[in-house]
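Student: turn this into a structure:
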Amino acid sequence: MISINSLTVAFGGFTLLDSIDFHISENDKIGLVGKNGAGKSTVMKLICGLQSPTSGSIDKPNDIRIGYLPQIMDHHKGRTVMEEALTAFDQVNAIQEELDEIGVTLASRTDYESESYMNLISRMNDLSDALAFFHSEPPEVLAEKTLLGLGFKDSDFGRKTETFSQGWNMRIELAKILLSDPDVLLLDEPTNHLDIESIEWLEDYLKSRKGSLLLVSHDRKFLDNVTNRTVEIMLGHIHDYKVPYSQYVELRKERLAQQTAAYENQQRMIEKTEDFINRFRYKPTKSNQVQSRIKQLEKLDRIEIDETDNVRLTVKFPPAPRSGDIVFKASGITVGYPGKVVFTDADIEVKRGEKVALIGRNGEGKTTLMRVIAGELDPIKGEAKRGYNVSLGYYAQNQEDILDQKLTVWETLDNIAVGDIRTKLRDILAQFLFRGEDIDKKVSILSGGERARLGMAKFMLQPYNLLALDEPTNHMDIKSKEILKQALKAYDGTLIVVSHDRDFLDGLVDKMYEFRDGKVKEHLGGVSDFLEKRKIENLRELERRFGPTSASSQASPANAKAVPVTDKDRAREDFEKRRSESKEIARLKRRVEFLENEIGKIEGKMKEIEKVLSNPSKEDDIMELTRTYLEHKRDLDHKTAEWESLMEKLDE
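Tutor: Modelled structure (predicted):
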């Protein structure tokens with residue numbers, strides 16, 4: 001379908017892509033992976049003809065239809081959301097207009113046996129087949145389904161596109177591309193501006209869609225669920241695996257291990273052979289054997305180990321000072337801006353040591369709450385305050401944009417560092433991949449990923465006990481996100497994070513607050529449980545809206561007849577009741593499990609202090625150790641009491 005042949009892209013003395021080859025076949029769903037700057041977006045631009053290679057070629061059929069979603073794009077203005085989405089059907093409309101014209105012409109013709117008449121009939125059949133191929137449902141219905149799936153509401157359809165943010169306009173462009181149903185989809189970071197629910201909808205759409213897909217994404221779970229093949233770009237070269245991302249990671253490890261073992265075995269053989277040649281080179285009795293060994297080495301196919309880029313982000317947050325039991329508490333708060341209320345009557349409580357995610361559709365108030373937590377915004381109604389001895393580290397969504405463009409990487413940290421930490425700035429920057437000459441780069445020339453890492457590096461300058469992170473993984477590649485996730489899991493303070501990355505949140509957070517339709521709802525447990533429940537609710541909503549009974553349900557209430565309650569209805573209600581009760585039990589069990597883990601950690605810390613107190617050295621501060629021990633004891637009593645209370649509920 002599309003063939004990339006010996007493609008090279010070079011800039012000056014730097015080669016970005018070095019004679020790469022791969023083929024995109026019909027129905028291939030390829031994840032294009034590699035570190036930031038590896039050349040993934042460049043490959044997509046080359047396929048679309050938006051960029052020319054230094055050498056090599058790209059072969060593709062002339063009539064192939066390609067849908068390309070870049071990371072940065074121009075947005076159209078002057079039309080409503082629905083009008084703009086329906087422009088995806090311009091080709092369909094053109095076909096229909098031509099069909100109508102042919103119909104009018106044929107109605108006035110009587111030369112049924114003529115060649116021109118038969119040509120019109122043939123053209124009409126071709127157009128009819130093309131029209132049937134495109135869509136089986138009316139364009140308005142398809143556009144409505146797609147826009148709803150991508151997070152728009154009915155009330156948004158009539159709004160002008162220019163009244164939406166860049167992220168929402170990206171969704172409109174994505175909707176248009178999906179509705180145009182191209183032969184090949186090229187999607188460059190399509191999930192960047194999508195919330196979790198929209199990502200799940202897009203995931204389901206791409207899984208069921210026929211046609212080829214080339215996808216760039218830093219969302220590991222999205223890649224696993226959508227793709228069946230992984231093409232890796234590393235140091236200018238291509239490595240092609242016929243499996244999704246997680247399997248590719250394992251196969252890549254195996255391949256490198258096998259290469260290394262084979263290389264080492266061959267090197268031992270070469271060393272022994274060369275040693276034999278050197279020892280017996282001048283002995284006439286061994287001359288034939290020596291010549292044989294020399295020819296053997298000359299003919300040997302030398303094994304090489306693939307080059308790998310092993311530079312990785314390594315992060316360890318400073319120990320968190322102890323805060324009060326309640327880190328943040330909001331009671332009945334209504335929050336918004338002049339002329340706009342974002343959410344109302346919310347109760348939120350975050351306890352010490354909890355790791356909490358704020359989730360929900362864009363624009364529902366997650367970032368707004370972060371601003372309340374940071375003290376940048378006061379509630380319109382209600383009370384919100386941070387707890388005792390809380391030191392906040394706030395990573396804003398535009399953190400990388402608020403850095404001083406005139407400073408260097410080094411100066412960005414040096415200007416705010418105080419005390420002994422100044423002696424560790426090089427080590428801190430190295431953890432975030434700023435090494436050697438990188439520290440002298442101006443912020444203005446850094447990539448988005450580099451700015452995100454520099455913004456995160458500032459958190460290492462002070463030991464915070466509350467990290468409030470708003471989309472911290474934007475622009476980070478998969479490896480960097482995984483290292484950051486592990487660092488946050490090991491962090492002993494409290495975490496509040498806004499993210500739409502399911503893989504990043506899974507196993508990291510133990511509680512979530514969902515922002516939806518102006519309300520905030522607490523969910524205990526992990527992101528997988530929440531998504532399963534939300535998907536069920538979404539499917540029910542779609543069935544109500546687009547199901548086969550929707551037409552009959554449009555009858556006016558005045559003519560509607562009362563529907564008797566059947567045994568089936570009662571059984572369904574009973575099932576829903578029992579299901580709700582089981583969900584509550586599961587929630588309580590998750591909280592019990594969390595408390596048991598915390599109790600185990602506290603008891604471990606207390607035992608370590610007891611060991612020191614039983615045999616203290618001159619350097620040990622007995623008063624400080626005793627104070628810390630008593631704080632742990634109070635924390636243990638508090639969590640044990642809650643655990644006992646929950647166990648009583650479960651026993652009822």
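Student: quick one: low-confidence parts of the chain?
Tutor: Across the chain, residues meeting the criterion (pLDDT under 70) sit at 129-136, 304-314, 399-401, 534-583, 652.
Student: if we use 50, what do you get?
Tutor: In the predicted model, the chain carries pLDDT under 50 at residues 549-563, 568.
Student: domains in it, by residue range?
Tutor: 42-244, 248-299, 326-535, 582-652 (automatic domain parsing).
Student: mean neighbour count, those: which tops it?
Tutor: Per-stretch averages of neighbours, counted by mean count of other CB atoms under 10 Å, single out domain 326-535 among these, with a mean of 18. C-beta here means a position set from N, CA and C on the backbone, and glycine is covered the same way.
Student: next one: that domain to chain centre, how far?
Tutor: Here domain 326-535 is found 16 Å from its chain centre; the criterion is CA atoms, centre = their mean, to the nearest Å.
Student: can I get the domains of the chain in TSV including distance to Ile30?
Tutor: Shown next, in TSV, are these (distance: least, CB to CB, whole Å):
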stretch	distance to Ile30
domain 42-244	5
domain 248-299	11
domain 326-535	16
domain 582-652	37
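Student: mind checking those domains for the one nearest to Asn27?
Tutor: Within these, the stretch nearest Asn27 is domain 42-244; the backing value is 6.4 Å (CB to CB).
Student: end to end, how far does that closest one reach?
Tutor: 22 Å (CA to CA, to the nearest Å).
Student: what packs against the one helix or strand Leu425 maps to?
Tutor: Taking DSSP states H and E as the definition, Leu425 sits inside helix 425-431. With contacts defined as 3 or more CB pairs under 8 Å, 6 or more residues apart in numbering; DSSP states H and E, the secondary structure elements packing on helix 425-431 are helix 409-414, helix 448-457.
Student: output these as TSV; include the columns distance to Arg109.
Tutor: As requested, these are exported to TSV (distance: least, CB to CB, whole Å):
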stretch	distance to Arg109
helix 409-414	75
helix 448-457	61
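Student: of the ones you listed, which is nearest Gln259?
Tutor: Across the helices and strands packed on helix 425-431, closest to Gln259 is helix 448-457 (CB to CB), at 29.0 Å.
Student: give me the contacts around the very next helix or strand once past that closest one.
Tutor: The element immediately downstream of helix 448-457 (helix or strand, assigned by DSSP H and E) is strand 466-470. With contacts defined as CB atoms under 8 Å, 6 or more residues apart in numbering, strand 466-470 is touched by 317, 323, 327-328, 366-367, 370, 373-374, 386, 390-397, 399, 459, 488, 491, 493-499.
Student: counting only strands, which of these make the cut?
Tutor: Here DSSP state E is the test, and the contacts of strand 466-470 give 327-328, 386, 392-395, 494-498 as lying in strands.
Student: which of those residues sits closest to His75?
Tutor: Set against His75, the nearest of the ones in strands among the contacts of strand 466-470 by CB to CB is Val498 (24.3 Å).
Student: and what about Thr473, helix, strand or coil?
Tutor: Under DSSP: H, G, I helix; E, B strand; the rest coil, Thr473 falls in the coil class.
Student: what of Leu433?
Tutor: Secondary structure assignment for Leu433 (three-state DSSP): coil.
Student: from memory it sits against Leu454, does it?
Tutor: No: look at Leu433 against Leu454 with CB atoms under 8 Å: they stay out of range, at 9.9 Å.
Student: which ones are touching Ser19?
Tutor: Ser19 makes contact with 6-8, 55-56 under the criterion CB under 8 Å, 6+ apart.
Student: scratch that, Tyr513 is what I was asking about
Tutor: Listed by CB under 8 Å, 6+ apart, the contact set of Tyr513 reads 348, 356-359, 369, 520-523.
Student: so which two of these are the farthest from each other?
Tutor: Using CB to CB for every pair in those, the one that comes out farthest apart is Leu369 and His523, at 15.2 Å.
Student: name the nearest residue to the residue nearest the centre of the chain, sequence neighbours excluded.
Tutor: Central residue of the chain (CA atoms, centre = their mean): Asp219, 3.4 Å from the mean position. Computed as CB to CB, 6 or more residues apart in numbering, the closest residue to Asp219 that is not its neighbour in sequence is Thr191, at 5.2 Å.
Student: report the secondary structure state of the one you found.
Tutor: Counting by three-state DSSP, the three-state call for Thr191 is coil.
Student: before we move on, the earlier item: out of the domains of the chain, which is closest to Leu32?
Tutor: In terms of CB to CB, the element of those nearest to Leu32 is domain 42-244, at 5.0 Å.
Student: looking at the helices and strands packed on helix 425-431, spot the one closest to Leu213.
Tutor: Using CB to CB as the criterion, the shortest distance between Leu213 and these is 23.9 Å, found for helix 448-457.
Student: got the angle for the closest one vs strand 466-470?
Tutor: Taking axes from the mean of the first three to the mean of the last three CA atoms, to 10 degrees, helix 448-457 and strand 466-470 form an angle of 160 degrees between their directions.
Student: who touches helix 448-457?
Tutor: With CB under 8 Å, 6+ apart, helix 448-457 has contacts from 36-37, 313, 315, 395, 399-401, 403, 409, 412-413, 428-429, 431-434, 441, 443, 446, 472, 474-477, 480, 484.
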